[in-house]
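A.B. asks: Provided below are the primary sequence and the corresponding predicted coordinates.
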Amino acid sequence: MSHYSLLQTPTTSIITIVNDNNNIKHNRLFSHTKIYYIICSRMAWRELGRKRIYMNTFRTLNTSSFRRVVGSSYGSTYTTQFVYASARCMPDLISHSSIGVDGLFSGTKEGGIRCFHASPAVWARRGDEPFGLKTPKKEKYIRREGRNQPPVEARYVPRNVKAPKSNSDKTVEIFEGMTLDELAKRTGKSVSSLQDILTNVGEKLESEFEPLSMDIVELAAMEVGVNVKRLHSAEGTEIVPRPPVVTVMGHVDHGKTSLLDALRQTSVAAREAGGITQHLGAFVVVMPSGASITFLDTPGHAAFSAMRARGAAVTDIVVLVVAADDGVMPQTLEAMSHAKAAKVPIIVAINKCDKPGANPEKVKLQLASEGLLLEEMGGDVQVIEVSALQKSGLDNLEEALLLQAEMMDLKARIDGPAQAYVVEARLDKGRGPLITTIVKAGTLTCGQHVVVGSEWGRIRAIKDMAGRLTERATPAMPVEIEGLRGLPMSGDDVIVVHSEERARMLSSGRTRKSEENRLRRKLNEDTPSTLESSEEVPQRVEMPVIVKADVQGTVQAVTDALRTLNSSQVLVNVVHVGVGPISQSDVDLAQACDACIVGFNIKSPPIALSQAATRASIKVILHRVIYHLLEDIGNLIIEKAPGTFETQVAGQAEVLNIFEVKGSKTKGPDVKIAGCRVVEGFVARTGTMRLLRSGEVVFEGLCASLKREKQDVDSVKKGNECGLVINDWYDFKIGDVIQCLEQVVRKPKFIKSESGAVRIEC
Ligand SMILES: Nc1nc2c(ncn2[C@@H]2O[C@H](COP(=O)(O)OP(=O)(O)OP(=O)(O)O)[C@@H](O)[C@H]2O)c(=O)[nH]1
């Protein structure tokens with residue numbers, strides 16, 4: 001089948017068909033259109049995706065003018081059964097209402113296309129339609145896309161309300177043993193479409209209630225464009241206590257590295273290996289009792305935040321190092337915020353207690369005044385006095401960690417599929433990509449096929465921290481793994497799959513998904529965000545904020561002022577405050593919490609830091625006038641607020657005449673058309689019509705057809721005449737009034753009172 005451009009209405013739509021061997025290279029046309037559809041078989045679509053042709057196409061365009069792209073169809077090369085919005089390709093550009101809003105199509109064996117159901121714009125152009133229109137078979141194809149949505153063909157897409165979100169920013173939780181039926185419910189997709197996907201990846205199911213492996217579920221979910229969150233069950237046949245995984249944090253020069261070095265030297269492996277020369281990113285300390293502690297040996301917040309930002313909840317306990325002579329410093333507070341935000345318990349190590357100027361008691365008071373509830377003051381945070389230099393107090397610290405671990409009742413399943421995270425990844429010239437991982441549950445074994453982030457491979461060798469080859473890695477054991485094809489990132493998850501083919505598939509699915517998400521984020525920056533048309537009461541959303549200011553008093557004042565902007569729709573959540581300039585750690589924390597950074601009376605951050613913030617899509621707002629700051633934050637809040645949906649009358653028409661079109665077997669039932677004149681505003685094809693008789697509402701229904709001089713039109717303005725059909729209404733009377741209702745999103749407002757006080761009004 002060759003390439004057809006079926007239909008083009010200026011600046012509205014293009015429908016393009018490509019077959020398996022074709023591509024879209026010619027499409028200069030696209031730059032003149034707002035909507036375009038590509039119809040092709042799944043195979044062809046894959047091919048386009050693989051060659052990234054669609055990407056190139058978009059690059060040459062002003063993407064913000066696109067409203068939707070319909071991706072592939074299911075069917076063989078020459079039989080395009082019907083077109084639907086393909087969340088698999090450019091979900092960000094797809095409004096899933098694409099089905100039926102502008103047309104459903106069916107291919108013919110001859111390579112043609114039949115239009116089953118089309119919008120006015122399509123019908124109006126049917127003279128251009130080369131393959132003729134066939135009898136509508138709507139019901140067969142019209143689906144409900146979500147429980148609260150009307151059938152797609154009747155969906156009300158109001159003005160001022162942007163198209164519904166694509167699936168791409170939807171995240172569903174998946175688990176081992178999930179059924180297709182459950183996945184269908186969570187993704188909002190039909191069982192049959194998911195079944196098609198699984199058949200395509202060679203998975204044959206007896207029924208939709210058959211338990212599936214998590215990687216198959218992830219594959220299917222990614223194919224329909226949703227993000228997944230893997231839920232790992234703690235259940236298993238063998239649950240055993242596991243060692244805690246500990247991260248060391250604290251202010252610069254307070255002795256984090258020295259403390260880790262001192263602890264490392266107490267590790268058995270270090271003694272056995274004559275001191276570990278190679279940095280693995282983690283090591284294990286074994287106590288005389290046999291209990292062990294795993295330390296992540298990259299000190300600082302950056303590693304911690306980077307892992308957390310990637311969803312890797314590896315750290316169980318944070319050791320907060322505070323120098324006894326220096327006391328609580330800005331980065332001490334930052335570290336506390338990081339740990340608090342991650343809900344990870346803290347153990348304080350007051351270091352440098354050997355120093356003459358050491359004053360541990362003062363440090364404790366400082367920490368308490370910063371809100372840390374120390375054990376000796378009736379709280380539950382243990383404080384240990386140590387000296388990394390003299391290696392004193394280390395036993396106490398290790399014991400405190402074990403006690404904390406015991407209280408946390410850290411347990412893991414050791415049998416079954418491994419769940420692990422990458423701590424560090426590096427490229428070795430001879431051995432290829434090497435990763436240090438920590439297993440959270442299950443056991444990693446040599447020879448297993450794994451997917452790590454978007455990379456895949458087969459475990460060729462596992463080495464323990466002393467560099468010895470081992471067959472398996474159990475929970476909390478840091479090991480180095482060899483055999484990956486590419487280099488993943490810290491914080492990536494390690495997943496065991498049963499075959500190389502599965503590993504390849506999952507890896508490519510993840511690569512594609514992350515590319516889609518990246519593109520979507522980029523597009524969201526270019527275009528305003530889309531809103532679901534719904535009547536639901538908006539949920540309150542959180543807006544995390546980090547506040548930095550010149551002095552403590554200002555920090556407090558800014559924080560208090562920001563809290564006055566809380567409203568029923570958006571809650572300003574101050575996740576961290578600090579005195580001084582914006583630091584890398586602030587940026588890391590902002591990334592981990594999806595926060596914006598507010599700076600008051602401070603210098604702009606260095607260019608490299610600003611660039612890092614921009615790259616991570618972190619908003620940095622700097623001001624010296626509090627009102628300007630609040631105004632900026634107020635605008636952000638308004639942007640973030642879901643808003644409330646309201647119905648309003650867009651226009652009104654009077655019925656002047658009534659026409660009856662007799663139905664037949666082929667044409668369908670009889671239809672009553674109201675010949676109207678629009679007397680107020682406008683009436684729109686996508687609107688809900690309210691029929692009033694003598695001032696009383698007698699019916700409300702969706703508009704089935706809107707014509708002007710026999711042409712289907714999207715809307716008709718005041719002063720013009722039109723023919724209007726309302727779904728399921730056959731009893732128009734001359735003099736009836738028809739109101740067109742539209743839904744609008746009402747965003748909160750930023751209000752400044754005469755006294756200068758500001759607030760957000762919903
Ligand atoms: N007297 C004394 N000095 C210490 C102790 N621990 C660390 N130091 C010294 O403090 C300085 C900083 O120690 P580091 O371990 O590099 O501190 P850090 O927190 O890792 O520093 P950054 O990596 O720069 O954040 C070094 O000169 C150490 O020798 C201690 O217990 N007592």
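C.D. replies: Received it, and whenever you're ready, just let me know what you need. Numbers count the residues shown, from 1 in each chain.
A.B. asks: Can you tell me the closest non-neighbouring residue to Leu593?
C.D. replies: For the record, residue 593 is Cys, not Leu. Of all residues not flanking Cys593 in the chain, Pro544 sits nearest, at 4.5 Å (C-beta to C-beta, 6 or more residues apart in numbering). (Each C-beta comes from the backbone N, C-alpha and C, glycine too.)
A.B. asks: just checking, what packs against the helix or strand hosting the one you found?
C.D. replies: Here Pro544, judged by DSSP states H and E, is contained in strand 541-549. Judged by 3 or more C-beta pairs under 8 Å, 6 or more residues apart in numbering; DSSP states H and E, strand 541-549 is in contact with helix 552-563, strand 570-579, helix 584-593, strand 596-600, helix 626-640.
A.B. asks: Identify the single longest strand in the protein, thanks.
C.D. replies: Looking across the chain with DSSP state E, the single longest strand is strand 644-661.
A.B. asks: got the CA positions of that strand in PDB?
C.D. replies: Extracted in PDB, the C-alpha atoms of strand 644-661 (Å, rounded to 0.1, in the frame of the first residue of the first chain):
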ATOM      1  CA  THR A 644     -12.500  23.700  39.700                       C
ATOM      2  CA  PHE A 645     -14.700  22.800  36.800                       C
ATOM      3  CA  GLU A 646     -17.700  24.900  36.200                       C
ATOM      4  CA  THR A 647     -20.500  24.600  33.700                       C
ATOM      5  CA  GLN A 648     -21.500  27.800  32.000                       C
ATOM      6  CA  VAL A 649     -23.900  28.800  29.200                       C
ATOM      7  CA  ALA A 650     -21.800  29.500  26.100                       C
ATOM      8  CA  GLY A 651     -24.700  30.500  24.000                       C
ATOM      9  CA  GLN A 652     -28.400  30.200  23.300                       C
ATOM     10  CA  ALA A 653     -30.400  29.400  20.200                       C
ATOM     11  CA  GLU A 654     -34.100  29.600  19.400                       C
ATOM     12  CA  VAL A 655     -35.900  26.800  17.500                       C
ATOM     13  CA  LEU A 656     -37.500  28.300  14.400                       C
ATOM     14  CA  ASN A 657     -38.300  25.200  12.500                       C
ATOM     15  CA  ILE A 658     -38.400  21.500  12.800                       C
ATOM     16  CA  PHE A 659     -37.300  19.000  10.100                       C
ATOM     17  CA  GLU A 660     -37.700  15.300  10.100                       C
ATOM     18  CA  VAL A 661     -35.400  12.900   8.200                       C
END
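A.B. asks: in its sheet, what does that strand sit against?
C.D. replies: Strand 644-661 pairs in its sheet with strand 671-684 (antiparallel), strand 737-746 (antiparallel), by DSSP bridges.
A.B. asks: on that earlier part again, and the helices and strands packed on strand 541-549: which comes nearest Arg264?
C.D. replies: For Arg264, the closest of the helices and strands packed on strand 541-549 is helix 584-593, at 23.8 Å, according to C-beta to C-beta.
A.B. asks: hmm, that closest one in reach of the ligand?
C.D. replies: No - Helix 584-593 lies out of reach of the ligand by C-beta under 6 Å from any ligand atom, never closer than 10.9 Å.
A.B. asks: quick one, that helix and strand 541-549 angle?
C.D. replies: In terms of direction (axes from the mean of the first three to the mean of the last three C-alpha atoms, to 10 degrees), helix 584-593 departs from strand 541-549 by 180 degrees.
A.B. asks: Give me the packing partners of helix 584-593, helices and strands only.
C.D. replies: Judged by 3+ C-beta pairs under 8 Å, 6+ apart, the packing partners of helix 584-593 are helix 301-309, helix 330-341, strand 541-549, strand 570-579, strand 596-600, helix 607-615.
A.B. asks: Tell me which of these approaches Glu709 most closely.
C.D. replies: strand 541-549 (46.8 Å).
A.B. asks: could you give me the average pLDDT of the helix or strand that contains Ile384?
C.D. replies: Here Ile384 sits within strand 383-385, counting by DSSP H and E. The pLDDT scores in strand 383-385 average 96.
A.B. asks: now stretch 608-615
C.D. replies: Averaged across stretch 608-615, the pLDDT comes to 92.
A.B. asks: Buried residues of that stretch, list them for me.
C.D. replies: By 16 or more other C-beta atoms under 10 Å, the buried positions in stretch 608-615 come out as 609, 612-613.
A.B. asks: can you dump the C-alpha coordinates of that stretch into PDB?
C.D. replies: Taking Å, rounded to 0.1, in the frame of the first residue of the first chain, the C-alpha atoms of stretch 608-615 are listed here in PDB:
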ATOM      1  CA  ALA A 608      27.100  25.800  36.900                       C
ATOM      2  CA  LEU A 609      24.600  25.400  39.800                       C
ATOM      3  CA  SER A 610      21.900  27.400  37.900                       C
ATOM      4  CA  GLN A 611      22.400  25.200  34.900                       C
ATOM      5  CA  ALA A 612      22.200  22.100  37.000                       C
ATOM      6  CA  ALA A 613      18.900  23.400  38.400                       C
ATOM      7  CA  THR A 614      17.600  24.200  34.900                       C
ATOM      8  CA  ARG A 615      18.600  20.700  33.700                       C
END
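A.B. asks: what does it contact?
C.D. replies: For stretch 608-615, contacts defined as C-beta atoms under 8 Å, 6 or more residues apart in numbering pick out 582-584, 587, 590, 597, 604-605, 620.
A.B. asks: Quick one: buried ones out of those?
C.D. replies: Looks like the contacts of stretch 608-615 have 582-584, 587, 590, 597, 605, 620 buried, using 16+ other C-beta under 10 Å.
A.B. asks: can you put the residues you listed in JSON lines and add distance to Leu260 and pLDDT?
C.D. replies: Shown next, in JSON lines, are the buried ones among the contacts of stretch 608-615 (distance: C-beta to C-beta, whole Å; pLDDT from 0 to 100):
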{"residue": "Ile582", "distance to Leu260": "27", "pLDDT": "94"}
{"residue": "Ser583", "distance to Leu260": "21", "pLDDT": "90"}
{"residue": "Gln584", "distance to Leu260": "20", "pLDDT": "87"}
{"residue": "Val587", "distance to Leu260": "24", "pLDDT": "91"}
{"residue": "Ala590", "distance to Leu260": "26", "pLDDT": "90"}
{"residue": "Ile597", "distance to Leu260": "29", "pLDDT": "96"}
{"residue": "Pro605", "distance to Leu260": "28", "pLDDT": "93"}
{"residue": "Val620", "distance to Leu260": "32", "pLDDT": "96"}
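A.B. asks: No more questions from me, cheers.
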